[in-house]
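Asks: generate a structure from the sequence data that follows.
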Amino acid sequence: MPELHTRTILLDIPAPAQAPLYLLDPSSPLLWWREGSWLIGRGELLTYEFGGSHRFTEAAELWERLSRHAEERGSLVDLPFPSEPLAFATFAFSDISETPSLLVVPELLLGCTKGQLWARTTDIHDSCTGLASLSDDDLERYVRGLFCEYLAAHEAEFSAASSAEHATMLTASANEEIAHERAVTRALHLIEEGKLKKVVIARRARGELSKNFSLPRVLRHLIEAYPTCQVFCVDGFFGASPETLLESHSGLLHARVLAGTRPALADVNSTRPALLEDTKEMTEHSFAVASLTDVLHEASEGVQEEGPYVLQLPNVEHLATDVYAQARSTSLLELLADIHPTAAVAGTPRSQALEAILALEDADRGRYAGPVGWIAGSDGEFAVGLRSAQIRGRVLEAWAGGGIVEGSQARREFEETEAKLAPIRSALTPGGSPV
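Replies: As a prediction, this is how the structure comes out:
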């Protein structure tokens with residue numbers, strides 16, 4: 001097990017008005033953006049792969065060993081952020097997925113926390129080379145040079161007029177609507193037979209990357225169009241998720257459960273009932289909240305709920321509930337093992353819902369609806385990998401789904417998935433509207 005050393009410095013550089021996405025490593029973009037604070041990783045010092053039903057516990061055990069033997073070097077800095085090594089993380093949705101789950105420790109971590117810019121190097125004991133060998137002053141000069149060099153090279157790209165060469169079009173199979181409605185109908189039959197209370201049925205859309213595809217441009221669109229979401233990129237998996245699966249800061253836990261969704265209204269004079277008064281949507285939401293709180297009541301203390309309330313986004317409106325708790329000794333990654341997948345992305349009962357998903361969906365979800373985020377020591381933030389897409393070579397694959405409960409209508413469920421694909425579609429189209 002490698003012994004990691006970290007060194008953090010505060011940067012005397014004014015925080016840019018926008019996240020400096022031009023600093024993303026083109027060979028392996030690593031990004032976490034949330035409400036103006038951000039993390040950008042450059043260079044992969046260590047990458048660990050996991051798979052199968054034990055992927056979370058194996059990741060938790062490895063991360064605990066890495067963190068236990070890590071050492072902080074240099075002067076202590078006054079920064080409201082963990083000082084331990086940090087890993088970007090992405091996990092596959094399913095135990096049987098062929099897509100690997102990853103922990104990626106970057107060699108250089110650039111961050112902005114409450115308006116303060118900082119940089120952190122991580123290296124392996126007895127191999128202090130590269131950036132880790134620089135003095136604090138030389139490291140700051142290096143980062144300043146990155147800002148200047150990449151800003152000059154990439155601002156022109158961001159500000160240049162968009163063209164069709166930048167657009168990537170998502171397409172689905174010719175009978176996608178019929179196939180999805182058929183899957184929803186079969187799910188409703190399972191519910192009527194008493195085998196399920198809820199199941200989430202998802203579908204995919206695919207596209208070939210355009211000639212001048214720019215991932216930083218796409219990520220900037222997501223940040224600007226969805227400023228209340230968590231924008232992420234790990235191993236080609238990117239998106240803008242509105243749902244916090246679980247975050248932990250000094251033992252304080254928080255999750256935001258989203259379930260019960262409708263496309264945003266284009267007609268302000270519509271007579272459809274308010275979301276909080278829709279029995280079907282409220283039932284779906286209650287299943288999702290219970291699937292989370294049942295775990296937290298066992299693994300933490302002082303569980304409190306705030307909600308439900310309506311979370312309005314440009315493309316959809318969600319029923320949302322915030323859940324707070326105080327962690328016991330269980331690690332964040334071990335908690336994810338118990339929490340994932342919640343009823344918000346799988347269904348209830350969980351095992352039966354997962355069997356139905358395997359039978360009714362036509363492809364492996366990969367990392368869609370799996371946990372994605374970062375971990376440093378025992379702290380971390382994980383979103384549900386929604387409003388997302390995966391890049392593999394020159395092919396991009398996006399997913400969207402919806403919860404099926406008694407009273408669901410197949411046509412409405414397809415329309416909901418169309419609305420949920422809108423963030424990725426619009427980001428892939430130059431000048432695209434968020435809805």
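Asks: show me where the stretch 301-435 of the chain has helices.
Replies: Secondary structure of the stretch 301-435 of the chain (DSSP state H, counting those that start in this stretch): helices at 332-339, 350-360, 410-428.
Asks: can I get the CA coordinates of the shortest one in PDB?
Replies: Written as PDB, here are the backbone C-alpha positions of helix 332-339 (Å, rounded to 0.1, in the frame of the first residue of the first chain):
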ATOM      1  CA  LEU A 332     -18.900   7.400   4.100                       C
ATOM      2  CA  LEU A 333     -18.200   4.700   1.400                       C
ATOM      3  CA  GLU A 334     -19.600   2.000   3.700                       C
ATOM      4  CA  LEU A 335     -22.700   4.100   4.100                       C
ATOM      5  CA  LEU A 336     -23.000   4.300   0.300                       C
ATOM      6  CA  ALA A 337     -22.900   0.500   0.200                       C
ATOM      7  CA  ASP A 338     -26.000   0.400   2.300                       C
ATOM      8  CA  ILE A 339     -27.800   3.300   0.800                       C
END
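Asks: just how off-centre is that helix within its chain?
Replies: Counting by C-alpha atoms, centre = their mean, to the nearest Å, helix 332-339 is centred 16 Å from the centre of its parent chain.
Asks: which helices and strands does that helix pack with?
Replies: Taking 3 or more C-beta pairs under 8 Å, 6 or more residues apart in numbering; DSSP states H and E as the contact definition, the neighbouring helices and strands of helix 332-339 are helix 55-68, strand 244-249, helix 279-299, strand 371-376, strand 379-384. No exception for glycine: its C-beta is placed from N, CA and C like everyone else's.
Asks: partners of the fourth one in the sheet?
Replies: Put plainly, it is strand 371-376. Strand 371-376 has the following strand partners under DSSP bridges: strand 86-90 (antiparallel), strand 379-384 (antiparallel).
Asks: picking up where we left off before, so which of the helices of the stretch 301-435 of the chain is nearest Lys195?
Replies: With distances scored as C-beta to C-beta, the stretch of the helices of the stretch 301-435 of the chain nearest to Lys195 is helix 350-360 (5.9 Å).
Asks: name the residues that touch that closest one?
Replies: 94, 96, 183, 186-187, 190, 195-196, 198-202, 291, 341, 343, 346-347, 365 (C-beta atoms under 8 Å, 6 or more residues apart in numbering).
Asks: repeat the analysis, applying 10 Å as the threshold.
Replies: Contact with helix 350-360 is made by 93-96, 179-180, 182-187, 190-191, 195-202, 287, 291, 340-343, 345-347, 349, 364-365, 369, 401, 403-404, as judged by C-beta atoms under 10 Å, 6 or more residues apart in numbering.
Asks: quick one, which of those residues are buried?
Replies: Buried subset of the contacts of helix 350-360 (neighbour count, 16 or more other C-beta atoms under 10 Å): 93-94, 179-180, 183-184, 186-187, 190-191, 196-202, 287, 291, 340-343, 345-347, 349, 364-365, 369, 401, 403-404.
Asks: pretty sure Arg68 sits against Met1.
Replies: Yes. The pair Arg68 / Met1 is scored as a contact, 9.2 Å apart, by C-beta atoms under 10 Å.
Asks: run a quick neighbour tally on the closest residue to Leu151 other than its chain neighbours.
Replies: The shortest distance from Leu151 to any residue that is not its chain neighbour, by C-beta to C-beta, 6 or more residues apart in numbering, is 6.0 Å, and that residue is Tyr22. Here the number of neighbours of Tyr22 (other C-beta atoms under 10 Å) works out to 21.
Asks: measure Tyr22 to Gln390 for me?
Replies: In this view, Tyr22 and Gln390 are 23 Å apart by C-beta to C-beta, to the nearest Å.
Asks: for Leu276, what are its contacts?
Replies: Contacts for Leu276 were tallied using C-beta under 10 Å, 6+ apart; they are Gly260, Met282, His285, Gly307, Pro308, Tyr309, Val310, Leu319.
Asks: let's have the residues you listed in a markdown table, adding distance to Phe232.
Replies: A markdown table is the format used below for the contacts of Leu276 (distance: C-beta to C-beta, whole Å):
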| residue | distance to Phe232 |
| --- | --- |
| Gly260 | 24 |
| Met282 | 29 |
| His285 | 24 |
| Gly307 | 24 |
| Pro308 | 25 |
| Tyr309 | 24 |
| Val310 | 24 |
| Leu319 | 23 |
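Asks: ok, of these, which one's closest to Met169?
Replies: Among the contacts of Leu276, Gly260 lies closest to Met169 (C-beta to C-beta), at 30.5 Å.
Asks: need the contact list for that closest one.
Replies: Contacts for Gly260 (C-beta under 10 Å, 6+ apart) come out as 275-276, 278, 280-288, 308, 310, 317-321, 344, 402-403, 405.
Asks: try Gly401
Replies: Contact partners of Gly401, counting by C-beta under 10 Å, 6+ apart, are 180, 199-204, 261, 345-346, 357, 361, 365, 368-369, 386, 413, 416-417, 420.
Asks: that one bridge partners, please.
Replies: The residues listed as beta-bridge partners of Gly401 by DSSP bridges are Ala202.
Asks: and it, how far is that from Tyr324?
Replies: As judged by C-beta to C-beta, Gly401 and Tyr324 stand 27 Å apart.
Asks: what bridges to Thr122?
Replies: Thr6.
Asks: including mean pLDDT and distance to Thr57, could the strands paired with strand 371-376 go into JSON lines?
Replies: Formatted as JSON lines, the entries for these read as follows, by pLDDT from 0 to 100; distance: least, C-beta to C-beta, whole Å:
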{"stretch": "strand 86-90", "mean pLDDT": "98", "distance to Thr57": "14"}
{"stretch": "strand 379-384", "mean pLDDT": "98", "distance to Thr57": "15"}
